[in-house]
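Undergrad: Return a 3D structure for these sequence lines:
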Amino acid sequence: MIEIRHLRSLIAIADTRKIATAAERVHLTQSALSHQIRAVEAHYGVTLFERSRDGVRFTPAGDRLLAAARDVMARIADAERELIRLKDDTRGELRIALECHTCFDWLMPVMDEFRRRWPEVEVDLVAGFHPNPMELLSSGKADLVIGSRPAGSRAYSVTPLFRFEIVLVMAQEHRLRSRRRVMAEELRGETLITYPVPPQRIDFIREVLDPAGVKLQRRTAELTIAILQLVASRRGIAALPDWGVKSYVDHDYVLAKRIGAKGLWSDLYAIVSRTQSKRPYIPDFIDIVRQICASELERIELL
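TA: Next up, the predicted model:
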């Protein structure tokens, strides 16, 4: 009764925790995915997961089948890679450029797993700070960019990775330290510390400050740790991904506050040229990103 499609569906549901998002990933309607799962549950007389306001929660039976699904699908993926190697010469290179500079920490285990799966492919980060990494892609100096969705993306293959929350980072002694969330109007007179990129590419400026008519003095730094050091030294505030500053918050180095009533959220994408997307190892790299980030990063939503 259990088929490969059922295993893929279970993994998608576990990764996204939302039926609608999982259905999009496996190219089904939400009703078709629900019917598929109900058929498995009816056949075995078990409940695989329960729905709640926060998403789905797997039952013991669901956890057992999910573990089997991950094992089986991993074995199938290994076999598929071997078949590709038997058919084609898969030697090549994968040069990665980052628009999201806080991605560096979780990218290291991703690259390690990629090298394990594709040892014949040279993988490397394009060195230096790149205020516009899409230019590296268009000029052939990079093969894949991790960042926000580019404008006019018809020339590229754009794959969504995950959604994450951007938080306001401040010093322990900041005047707003007791607030659970911070509104734009409360930040007048502050200095905003950012990466040296155009303001229209900074979500916090574009989505929060500009609509509220709030203009802040701005200071830039190329490295995330440099931004956090400036914040901790009371030189200003910053808006950074929640998962990128979590360890610093846990160690009481800085404070992190929700931005606005519902938070500020952003989506991360993998972007390659359409010709590069045909390389067999590119989709595998993107799958590794999803798998590792889902297991290691807190409070993200896979897309």
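
Undergrad: need the contact list for residue 123.
TA: 93-96, 111, 114-115 (CB atoms under 8 Å, 6 or more residues apart in numbering). Glycine gets a C-beta too; all of them are placed from N, C-alpha and C.

Undergrad: Would you map the helices across the stretch 201-303 of the chain?
TA: In order along the chain, the stretch 201-303 of the chain carries the following helices (DSSP state H, counting those that start in this stretch): 203, 210-212, 224-232, 242-250, 281-296.

Undergrad: Could you say which one of the ones you listed comes nearest to residue 51?
TA: Ranking the helices of the stretch 201-303 of the chain by proximity to residue 51 (CB to CB) places helix 281-296 first, at 19.2 Å.

Undergrad: what's next to the closest one, contact-wise?
TA: Contacts to helix 281-296, defined as CB under 8 Å, 6+ apart, come from residues 15, 77, 81, 90, 92, 94, 106, 109-110, 113-114, 117-118, 121, 143-144, 146, 159, 161-162, 270, 272, 276-277, 300, 302.

Undergrad: now the angle between helix 242-250 and that helix, please.
TA: Using axes from the mean of the first three to the mean of the last three CA atoms, to 10 degrees, the direction of helix 281-296 lies 30 degrees away from that of helix 242-250.

Undergrad: for helix 281-296, what is the average pLDDT?
TA: If you average the pLDDT over helix 281-296, you get 87.

Undergrad: Would you indicate which residues of stretch 179-198 are buried?
TA: Neighbour-count burial for stretch 179-198, counted by 16 or more other CB atoms under 10 Å, picks out 182, 184, 187, 190-195.

Undergrad: check contacts around residue 272.
TA: Contact partners of residue 272, counting by CB under 8 Å, 6+ apart, are 137, 143-145, 156-157, 282.

Undergrad: how about those in JSON lines, adding distance to residue 52 and secondary structure?
TA: Below are the contacts of residue 272 laid out as JSON lines (distance: CB to CB, whole Å; DSSP: H, G, I helix; E, B strand; the rest coil):
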{"residue": "137", "distance to residue 52": "41", "secondary structure": "helix"}
{"residue": "143", "distance to residue 52": "41", "secondary structure": "coil"}
{"residue": "144", "distance to residue 52": "36", "secondary structure": "strand"}
{"residue": "145", "distance to residue 52": "36", "secondary structure": "strand"}
{"residue": "156", "distance to residue 52": "37", "secondary structure": "strand"}
{"residue": "157", "distance to residue 52": "35", "secondary structure": "strand"}
{"residue": "282", "distance to residue 52": "36", "secondary structure": "helix"}
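
Undergrad: Around the residue lying closest to residue 8 once chain neighbours are set aside, how many other residues sit close by?
TA: Beyond its immediate neighbours in the sequence, the residue positioned closest to residue 8 (CB to CB, 6 or more residues apart in numbering) is residue 26, lying 5.5 Å away. For residue 26, the count of nearby residues is 16 (other CB atoms under 10 Å).

Undergrad: Likewise for residue 301?
TA: Residue 301, neighbours per other CB under 10 Å, totals 17.

Undergrad: again, but for residue 262
TA: Residue 262 sits with 9 neighbouring residues when counted by other CB under 10 Å.

Undergrad: distance of it from residue 122?
TA: For residue 262, the distance to residue 122 equals 43 Å [CB to CB, to the nearest Å].

Undergrad: Ok, residue 150 next?
TA: For residue 150, the distance to residue 122 - CB to CB - is 25 Å.

Undergrad: Next: residue 97.
TA: 15 Å.

Undergrad: between those two, who's got more neighbours?
TA: Between residue 97 and residue 122, residue 97 has the larger neighbour count (other CB under 10 Å), namely 23 against 12.

Undergrad: so what's residue 69 up against?
TA: Listed by CB under 8 Å, 6+ apart, the contact set of residue 69 reads 6-8, 10-11.
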